[in-house]
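[1] fold the following and give me the result.
(chains A and B)
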2 protein chains.
Amino acid sequence: MKIQVLLKKTSEWLNGQGPESDIVISSRIRLARNIENYPFPWRASLDIKHQIVKHVHGAVAQCGFLKDGSLTINMEDLDEIDRMFLVERHLISPELSSSPEGSSVIISKREVVSIMINEEDHIRMQVMNSGLQLFEGWKMIKDIDSELEKHINFSFSPKLGYLTVCPTNVGTGIRVSVMLHLPALVYTKQINKVLQATVKLGLAVRGLYGEGSEALGNLFQISNQATVGISEQEIIENILKVIRQVITYERNQRRYLINHSLKDVEDKVFRAYGALTHARIISSKETIGHLSTLRMGVDLGILDINYRKKVNKLMILTQPANLQKNLDRILSPAERDEERATIIRKTLKGSKGPK
Amino acid sequence: MKIQVLLKKTSEWLNGQGPESDIVISSRIRLARNIENYPFPWRASLDIKHQIVKHVHGAVAQCGFLKDGSLTINMEDLDEIDRMFLVERHLISPELSSSPEGSSVIISKREVVSIMINEEDHIRMQVMNSGLQLFEGWKMIKDIDSELEKHINFSFSPKLGYLTVCPTNVGTGIRVSVMLHLPALVYTKQINKVLQATVKLGLAVRGLYGEGSEALGNLFQISNQATVGISEQEIIENILKVIRQVITYERNQRRYLINHSLKDVEDKVFRAYGALTHARIISSKETIGHLSTLRMGVDLGILDINYRKKVNKLMILTQPANLQKNLDRILSPAERDEERATIIRKTLKGSKGPK
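    Next comes the predicted model:
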């Protein structure tokens, strides 16, 4: 199976590098596009969907940006675990995973770019980087979009802009999302105030796995809602302004914790480490909570910096499908909880442990 | 301060030896006695109480059984922490601790024997051994009682037997208590059924610190209620029969856990170890719960046998007054929680940790 190659490394967006990476996990920009003279995926026959896939594959093949080492995958060729594996790595959406017929995804070598074909729209392309890199992402996806536009006639209205299935995407078709780790705001119970203000400014807040998902592990995804009547540049500038404000709030609370509750936070961090290195059975949910606490420990200088990489790695490796792909076998939920505990102990062992 | 000498060792009753010591922590027998021609302590003046103390001290000095290395302590000479320290080691009752005026305690070298003077009755003598050693204890306390009786006229009614302040002690004045560690019965939720049956058989069930105390750390104290119209021998035989039954139940549940839930129990044991070796702040209550789990780990063969001694040591060392006596300073509750975590890490460190 082709996607096996992805197992060997951590996704680029989780490498823990990039600006503000003590708070910003990743920056994602995606564009929604549709192709003229084809029905939208939801009303296209399987035959038409295959034609659309072929059309887009052909266009991508003529472009330079995905030449080396990219993967072109027909979703129909994947079993459920493979598809979940890609969802967990944020390379496809849960929606694409649940309707694989006549759909496809192209993934760049370092997993920075992915292009879904026949998700809600004909094309959903995304660029995902670690840290706060919105303009860098925008430059990249703009180039990809321009190259594709040379070979594909996108559905476009001079009045409305790019046409999409859902009216919330019409216009620029852009969605800008930033994933933030906000443990101090959660710890000091300031998070709701901050998120409410964010929503009032017209932005959406979601959990780790997009719409409707819980905010596990103190991870929050902030994204734009408006896509029409405003330029991509302005959308990015607006969201950046808010993100910088949230970063400042989180930094202030972290400073407060260090000055006023260091012992409590140390206790929490070391206990999380103790639980992760000793549990024999552990759920995905508990894991992500403890990993978030370890990450906070790194950010507050309680744990050595080399833990950040391990934490990021475990964030993905401990997810159900990644776990099963790594072991190359199907596991019952109970077996997963045991294997998860084992892989966590292995990954954190060797590191000498907290002082 | 004289009682400092007790700090150097673990009380005999907590040495983890003796018959059935995988389940029975300790066996205790106490006799209540009063002296003719003195008012009961609750109606005696301080002056009279001092006379009683002097009378008993004199009698004890003439006996052979407490010759070497015993401590004679006037409760008035102790501050609150000292008194709590003795309560935590089960050498005096909480009642004696809370009214120290004109009262005293004599403690034998290995802390097996203690004789309280002017508690509820003039004399409360106890023998406490580790493991299930009721007849051994009975033999010992009978000898002490006989020796004392040579020098003291005990209040005695030919019809009722020994007279005591509370009618529940009249007759033999004996209370037989066995402290049991019953984690498997708690884990499998069979404990209430077992305890209810025990109560129906006329026995009392209490927590670690006697009447009204919670059953922390899966520790249960089973003791007789009847003291009159039945011989000491019969009382001990009756309670032994029940205790042996409870031991069988606990053993069966332990076997069941090993055969059916080993992974779950291992998880619980290792997590308890992880919490104890990583916490920076820990309450007395949480500590005792985890220590109980470690002890169960030893008993089920999950942890090395050498942990039992460490667990027993920590059971006492982590109690508030023992903690303060050991550090030789007064600690606020918050400081205690920190120092407790430190002493636990120190005690469990060095041991290589669970496999």
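[2] could you list the domains of chain A?
    Listed by automatic domain parsing, the domain ranges of chain A are A:2-181+A:204-230, A:261-348.
[3] any chance of a markdown table for these, columns mean neighbour count, distance to chain B and mean pLDDT?
    Using the backbone N, CA and C atoms, a C-beta is placed for each residue, glycine as well. Shown next, in a markdown table, are the domains of chain A (neighbours: other Cβ atoms under 10 Å in any protein chain shown; distance: least, Cβ to the nearest Cβ, whole Å; pLDDT from 0 to 100):
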| stretch | mean neighbour count | distance to chain B | mean pLDDT |
| --- | --- | --- | --- |
| domain A:2-181+A:204-230 | 19 | 19 | 91 |
| domain A:261-348 | 19 | 3 | 94 |
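[4] how far off centre is stretch A:326-342?
    23 Å (Cα atoms, centre = their mean, to the nearest Å).
[5] that one spans what distance, first to last residue?
    End-to-end distance for stretch A:326-342, by Cα to Cα, to the nearest Å: 13 Å.
[6] ok, now stretch A:323-332?
    Distance between the two ends of stretch A:323-332: 11 Å, counting by Cα to Cα.
[7] ok so, going back, could I get the domains of chain A as CSV with distance to B:Arg255?
    Output for those, formatted as CSV (distance: least, Cβ to Cβ, whole Å):
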stretch, distance to B:Arg255
domain A:2-181+A:204-230, 38
domain A:261-348, 20
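[8] and those domains: which comes nearest B:Gly297?
    When the domains of chain A are compared by Cβ to Cβ, domain A:261-348 sits nearest B:Gly297, at 11.5 Å.
[9] starting at the chain centroid, how far to that closest one?
    The answer for domain A:261-348 is 18 Å, by Cα atoms, centre = their mean.
[10] helix or strand for the nearest residue to A:Asp337 once chain neighbours are set aside, which one?
    Closest residue to A:Asp337 apart from its sequence neighbours, by Cβ to Cβ, 6 or more residues apart in numbering or on different chains: A:Ile281 at 4.7 Å. For A:Ile281, there is no enclosing helix or strand under DSSP states H and E.
[11] contacting residues around A:Ile281?
    A:Ala334, A:Asp337, A:Glu338, A:Ala341, B:Lys263, B:Asp264, B:Asp267 (Cβ atoms under 8 Å, 6 or more residues apart in numbering or on different chains).
[12] A:Asn129 too?
    A:Glu12, A:Trp13, A:Gly18, A:Ser26, A:Ser27, A:Arg28, A:Val112, A:Glu136, A:Gly137.
[13] one more time with 10 Å
    When contacts are counted by Cβ atoms under 10 Å, 6 or more residues apart in numbering or on different chains, A:Asn129 touches A:12-13, A:15, A:17-19, A:24, A:26-29, A:110, A:112, A:136-137, A:140.
[14] nearest to A:Ile236 among these?
    For the contacts of A:Asn129, the nearest to A:Ile236 is A:Ile29 (7.9 Å; Cβ to Cβ).
[15] any idea whether A:Leu185 is helix, strand or coil?
    helix (DSSP: H, G, I helix; E, B strand; the rest coil).
[16] cool, and A:Val228?
    With three-state DSSP as the basis, A:Val228 sits in coil.
[17] okay, and which of the contacts of A:Asn129 map to strands?
    Cross-referencing the contacts of A:Asn129 against strands under DSSP state E gives A:Val24, A:Ser26, A:Ser27, A:Arg28, A:Ile29.
[18] give me the beta-bridge partners of the first one?
    Legend: beta-bridge partners of A:Val24 under DSSP bridges are A:Leu180.
[19] only C-alpha atoms, please: export stretch A:160-171 in PDB.
    The C-alpha trace of stretch A:160-171 is given here as PDB (Å, rounded to 0.1, in the frame of the first residue of the first chain):
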ATOM      1  CA  LEU A 160     -19.500  36.500  -6.800                       C
ATOM      2  CA  GLY A 161     -16.100  35.000  -7.500                       C
ATOM      3  CA  TYR A 162     -15.400  31.300  -7.300                       C
ATOM      4  CA  LEU A 163     -18.500  29.200  -7.100                       C
ATOM      5  CA  THR A 164     -18.800  26.500  -4.500                       C
ATOM      6  CA  VAL A 165     -21.300  23.900  -3.300                       C
ATOM      7  CA  CYS A 166     -21.800  25.600   0.100                       C
ATOM      8  CA  PRO A 167     -22.500  29.400   0.000                       C
ATOM      9  CA  THR A 168     -20.200  29.900   2.900                       C
ATOM     10  CA  ASN A 169     -17.300  29.200   0.600                       C
ATOM     11  CA  VAL A 170     -18.400  31.300  -2.400                       C
ATOM     12  CA  GLY A 171     -16.100  34.200  -3.400                       C
END
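[20] and whichever residue of the stretch 101-250 of chain A sits closest to chain B, what does it touch?
    When scored by Cβ to the nearest Cβ, the stretch 101-250 of chain A has A:Tyr187 as its residue closest to chain B, at 14.8 Å. Applying Cβ under 10 Å, 6+ apart to A:Tyr187 gives the contacts A:Asn218, A:Gln253, A:Arg254, A:Tyr256, A:Leu257, A:Ser261, A:Asp264, A:Val265, A:Lys268, A:Thr293, A:Met296.
[21] please tell me how far the fifth one sits from A:Pro183.
    In other words, A:Leu257. Distance, A:Leu257 to A:Pro183, by Cβ to Cβ, to the nearest Å: 9 Å.
[22] looking at these two, which is more packed in?
    Neighbours were counted for A:Leu257 and for A:Pro183 using other Cβ atoms under 10 Å in any protein chain shown; A:Pro183 has more, 26 against 19.
[23] wait, isn't that one in contact with A:Arg254?
    Yes - using Cβ atoms under 10 Å, A:Pro183 makes contact with A:Arg254 at a distance of 8.2 Å.
[24] quickly list what's touching both of these two.
    A:Ile23, A:Val265, A:Met296, A:Asp299, A:Leu300.
[25] all strands for chain A, in order.
    Using DSSP E, strands in chain A cover A:24-33, A:71-74, A:104-107, A:113-117, A:123-130, A:156-157, A:161-162, A:174-181, A:203-206, A:219-224.
[26] contacting residues around A:Ser155?
    Residues near A:Ser155 by Cβ under 10 Å, 6+ apart: A:Arg33, A:Asn34, A:Ile35, A:Glu36, A:Asn37, A:Tyr38, A:Phe40, A:Asp121, A:His122, A:Tyr162, A:Leu163, A:Thr164.
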